[in-house]
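Asker: need coordinates for the following:
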Amino acid sequence: MSGRHHQSHGLLQAFLRDVFAESISVGAINRLRREVKAALAAPVSEAKAYLQQPPVIGSDETGFTQHNGEGNNLQRKRDWLWVLVSPLVTVFDIALSRSQLTAQQLMVRPLAVVTADRYGAYNWLPVEQSQVC
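Answerer: Predicted coordinates for the structure are as follows:
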């Protein structure tokens, strides 16, 4: 609820109380989110590694508000939701930047043709690996 549906910890706390008659602290909600993130770290890494291999991938980025929920955005900069897509695997990644460096970090060594819009973060790709959508 707090991730997919963008509900604040307070709204999630109220939902659990109202719908399930469960009382949970905001700190416990954050702890559970961190536990889920840790549990998914290995499969997410595998998915990111896989996306360095297919012949064609798609990529895009859009503004995404996290409100410092992870504690990594103390300056409350705008967050960006990046996506890398192949026919078999899709990975979403949240970053504090929409820069070329962020794109390069997500696509460590793409062997693929990357389909993306004309945004400048993709200008580092050789022309033979760049497909405009």
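Asker: output the longest helix belonging to this protein.
Answerer: When the chain is parsed with DSSP state H, its longest helix is helix 26-50.
Asker: quick one: list the elements packing against it.
Answerer: helix 9-20, strand 90-95 (3 or more Cβ pairs under 8 Å, 6 or more residues apart in numbering; DSSP states H and E). (Glycine included, C-beta is placed from N, CA and C.)
Asker: how much space separates the residue most central in space within the chain from residue 127?
Answerer: Per Cα atoms, centre = their mean, the C-alpha nearest to the average position across the chain is that of residue 93, at 1.9 Å. Separation of residue 93 from residue 127 (Cβ to Cβ, to the nearest Å) stands at 25 Å.
Asker: circling back: after the longest helix of the chain comes which helix or strand?
Answerer: Toward the C-terminal end, the helix or strand that comes next after helix 26-50 (DSSP states H and E) is strand 56-64.
Asker: hey, C-alpha coordinates of that following strand in PDB?
Answerer: Taking Å, rounded to 0.1, in the frame of the first residue of the first chain, the C-alpha atoms of strand 56-64 are listed here in PDB:
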ATOM      1  CA  VAL A  56      16.500  -5.300 -27.300                       C
ATOM      2  CA  ILE A  57      15.400  -3.400 -24.100                       C
ATOM      3  CA  GLY A  58      13.200  -0.500 -23.500                       C
ATOM      4  CA  SER A  59      13.900   2.300 -21.000                       C
ATOM      5  CA  ASP A  60      12.000   5.300 -19.600                       C
ATOM      6  CA  GLU A  61      11.900   7.500 -16.600                       C
ATOM      7  CA  THR A  62       9.200   9.600 -14.900                       C
ATOM      8  CA  GLY A  63       8.900  11.700 -11.800                       C
ATOM      9  CA  PHE A  64       8.100   9.700  -8.700                       C
END
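Asker: quick one: list the elements packing against the next helix or strand after that strand.
Answerer: Counting by DSSP H and E, the next helix or strand C-terminal to strand 56-64 is strand 79-85. Applying 3+ Cβ pairs under 8 Å, 6+ apart, one finds that strand 79-85 contacts strand 56-64, strand 90-95, helix 100-106.
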